[in-house]
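[1] Here is the input, now give the coordinates:
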Amino acid sequence: MAKLLVIQHLVHDHLHQLAGPIADAGFDVVTWCTFADPEPPAGSEDVDAIISMGGDDSAYDEAGIPWIRAERELLERALERGTAILGVCFGAQTLARAAGGRGFRAERREIGWTKVEFTEAAMDDPIGRALVGSPDVFQFHYDTFSLPDGAVLLGEADGMVQAYRLGDRAWGIQYHVEADPGLIYGWIGTYLDELLDNDADPVQIEVDTRRYWRQYRQVAWDVSEAFVKVALG
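    Reported below is the predicted structural model:
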């Protein structure tokens with residue numbers, strides 16, 4: 001049975017819309033909850049695929065948060081082995097750092113639904129072809145990163161990397177492709193003051209969520225299916 005390691009950094013940000021195809025494929029899923037254990041679980045080096053999800057820490061804060069270094073080093077070894085990897089938001093930033101990129105505070109904060117411009121390379125990429133199904137994407141992050149050498153840019157927004165590929169078995173997606181309405185409504189309630197402090201409009205986020213969620217759900221499903229095929233291939 002194929003084995004998948006999910007790295008979960010927040011109790012409320014798990015696979016969400018990405019989970020269906022993974023369940024259908026019959027993966028043995030092992031979850032490393034970094035908020036509960038700073039060390040990866042036994043067997044984390046012996047997996048067929050890794051998905052690293054979002055978080056509210058900075059991916060470059062290795063001095064202050066020990067498990068960040070442990071995750072980066074785990075991803076470095078996974079890249080060397082050719083393990084299939086998908087990084088989402090914080091996971092995309094950590095994956096980029098594992099491949100030699102640099103993480104840093106963004107000049108602007110991206111919160112809410114925004115548009116992504118996809119590159120021509122995305123059209124010939126298994127994950128990229130799924131991502132282009134929704135140029136409107138859900139964002140919630142303060143940090144960004146530089147592309148590692150050799151990475152293929154798949155999408156960007158106003159000069160900030162939104163999606164990329166490393167080799168032919170690893171991808172990073174800066175935005176929350178996994179987000180469903182329940183997650184978004186929960187974040188509006190949990191982080192309302194933070195949204196307002198950053199000039200994000202919670203009412204507009206709700207309006208946009210009602211407009212895009214069905215299309216976005218299909219994109220997440222297609223991304224997950226494409227990743228499963230790579231992992232099992």
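
[2] use CA for all of it now, contacts and neighbours both
    Noted.

[3] May I have the phi/psi pair for K3?
    Reported as degrees, to the nearest 10, the phi and psi values for K3 are phi -120, psi 130.

[4] now do A2
    In terms of degrees, to the nearest 10, the main-chain angles of A2 are phi -70, psi 150.

[5] isn't it right next to F27, touching?
    Yes - with contacts counted by C-alpha atoms under 8 Å, A2 reaches F27, the gap being 5.2 Å.

[6] Buried residues in the longest strand belonging to the chain, which are they?
    The strand spanning the most residues in the chain, taking DSSP state E as the definition, is strand 103-115. If you call a residue buried by 16 or more other C-alpha atoms under 10 Å, then strand 103-115 has these buried ones: G103, R109, E110, I111, G112, W113.

[7] for stretch 41-54, same thing?
    So stretch 41-54, judged by 16+ other C-alpha under 10 Å, has buried residues S44, E45, V47, D48, A49, I50, I51, S52, M53, G54.

[8] mind putting the residues you listed in CSV, secondary structure and distance to Q215 included?
    Written out in CSV, the entries for the buried residues of stretch 41-54 read as follows (DSSP: H, G, I helix; E, B strand; the rest coil; distance: C-alpha to C-alpha, whole Å):
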residue, secondary structure, distance to Q215
S44, coil, 34
E45, coil, 35
V47, coil, 31
D48, coil, 29
A49, strand, 26
I50, strand, 25
I51, strand, 22
S52, strand, 23
M53, coil, 21
G54, coil, 21
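
[9] Are there helices or strands packed against the longest helix along the chain, and which ones?
    Using DSSP state H to assign secondary structure, the helix with the most residues in the chain is helix 202-232. Judged by 3 or more C-alpha pairs under 8 Å, 6 or more residues apart in numbering; DSSP states H and E, the packing partners of helix 202-232 are helix 19-25, strand 84-88, strand 103-115, helix 126-131, helix 181-190, helix 192-197.

[10] who does A157 bridge with?
    Taking DSSP bridges as the rule, A157 bridges to M160.
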